[in-house]
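> Sequence isn't available, so here's the structure alone:
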């Protein structure tokens, strides 16, 4: 995974995108003991107005590094990187607020638990709902920051529904 993270940092340092954050399963694995994945879903804030131009630059950089391109993904040492543009305000704020963690000796930007919770609240997938419950119960996070995020993005009702599930377990 470290080489994949180094590639993400190279893309950012090259100015192809302004900032990135690892999301979904890979981000969750930083907080919970879950099955490991060889897929990195990466949210990014585009430096260019044209997503096609940004992706073209990413693919060219990958080709220069001799990394394989499969569909719209890049494969770096058996890790598949999927690039997802942060298109709405919640996703952009999540990327901007991401935490710096380390993979080996390499710095990596990971979605904060508070934003993972907010994003998972929007999911209808049952597996993701179970993960959401685990994060709320097992991970330390800033409850005041979460409350602010939920309020701003109008997710307080969904969170209250999840809290009722936890209380009734």
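On my side now, so go ahead. Worth saying up front: this structure is predicted, and the values here are computed from it rather than measured. Numbering: from 1, shown residues only.
> which residues in the protein form strands?
Taking DSSP state E, the strands of the chain run over residues 17-23, 39-46, 68-70, 73-76, 79-85, 99-103, 106-110.
> okay, the angle between the longest one and strand 106-110?
With axes from the mean of the first three to the mean of the last three CA atoms, to 10 degrees defining the directions, strand 39-46 sits at 80 degrees from strand 106-110.
> mind checking how far strand 39-46 is from the chain centre?
6 Å (CA atoms, centre = their mean, to the nearest Å).
> what comes into contact with it?
1, 4-5, 8, 17-26, 54, 79-86, 91-92, 94-96, 111 (CB atoms under 8 Å, 6 or more residues apart in numbering). All C-beta spots, glycine's among them, are computed from the backbone N, C-alpha and C.
> of the residues you listed, buried ones?
With burial judged by 16 or more other CB atoms under 10 Å, the buried subset of the contacts of strand 39-46 is 1, 4-5, 8, 17, 19-26, 54, 79-81, 83, 85-86, 91-92, 94-95, 111.
> Show the contacting residues for the residue positioned nearest the centre of the chain.
Nearest to the geometric centre of the chain sits residue 23, at 1.6 Å (CA atoms, centre = their mean). By CB under 8 Å, 6+ apart, the contact set of residue 23 is 41, 42, 43, 84, 94, 111, 116, 119.
> Mind listing the residues bridging to it?
Beta-bridge pairing of residue 23 under DSSP bridges involves residue 41.
> Which parts of this structure are helices?
Secondary structure of the chain, counting by DSSP state H: helices at 2-13, 24-31, 51-64, 89-96, 113-121, 126-138, 143-152, 156-168.
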